[in-house]
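J.: Fold the following and give me the result.
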Amino acid sequence: MTSGSLSRVVEDEGLLLAAARAGDEHAFAALWATAQRQAFGVCYHLTGNRADALDALQETQLAAWKGLDSFAGRAPFRAWVLAIARNAAHTVVRRRAPGGALFSEVEEETVVTGPFEDTVAELADLRRALTALPESHREALLLWAGGLTYEQTAAALAVPLNTVRVWIHRARKRLQTELAGD
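T.: From the prediction side, this is the model:
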């Protein structure tokens with residue numbers, strides 16, 4: 001992306017933000033579209049299932065709409081939404097019944113057959129490896145893998161930049177080990 005196109009993106013986001021703050025739902029929808037997919041990914045990986053992830057995503061969208069006036073614009077809109085998504089996912093997990101498993105037993109016992117069996121098995125392995133990470137490392141990794149910079153991830157988690165770098169490095173190393181079966 002050239003500096004000219006980057007400045008246009010920032011300018012467009014600023015215009016959309018101003019319109020959304022004035023109550024333009026279409027402008028908010030355009031802003032939301034830039035973050036929705038990654039926000040769902042964060043919610044899904046932190047809650048462990050689609051139903052809870054969708055609940056958290058809905059809470060994220062509502063909180064973003066209601067909190068537009070509090071968005072300072074120091075980071076991209078997407079980074080702000082991902083931080084909201086992280087908090088919403090934690091709220092959904094806390095509301096679960098005591099002792100609720102991260103992944104339902106039905107999901108764990110599902111037998112998949114057909115041409116996508118290997119892909120599904122790899123995804124299940126990745127999910128298990130992610131749950132083996134300390135929560136702080138998993139969150140940092142998911143935000144960073146979702147497209148945030150180290151600086152944005154540090155801001156979203158309210159921790160020092162070097163802490164985030166260490167967490168992501170350790171998370172990546174542990175994932176490699178877990179997925180290699182060592």
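
J.: And the protein, what are its domain boundaries?
T.: 1-110, 113-182 (automatic domain parsing).

J.: just how off-centre is the longest one within its chain?
T.: Using C-alpha atoms, centre = their mean, to the nearest Å, the distance from the centre of domain 1-110 to the centre of the chain it belongs to is 7 Å.

J.: The domains of the chain into TSV, with extra columns for mean neighbour count and mean pLDDT?
T.: For glycine as for every other residue, the C-beta is placed from the backbone atoms N, C-alpha and C. Formatted as TSV, the domains of the chain follow (neighbours: other C-beta atoms under 10 Å; pLDDT from 0 to 100):
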stretch	mean neighbour count	mean pLDDT
domain 1-110	16	80
domain 113-182	16	81
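
J.: Could you pull out the helices in this protein for me?
T.: For the chain, the helices defined by DSSP state H cover 3-21, 25-33, 36-47, 50-66, 77-95, 105-109, 117-132, 135-145, 150-157, 161-180.

J.: what sits against the residue positioned nearest the centre of the chain?
T.: The residue lying closest to the centre of the chain (C-alpha atoms, centre = their mean) is V42, at 2.3 Å. Contacts for V42 (C-beta atoms under 8 Å, 6 or more residues apart in numbering) come out as L82, A85, R86, A89, L142, L143, G146.

J.: hmm, 10 Å instead?
T.: Neighbouring residues of V42 by C-beta atoms under 10 Å, 6 or more residues apart in numbering: 35, 53, 56-57, 60, 81-86, 88-89, 139, 142-143, 145-146, 148, 156.
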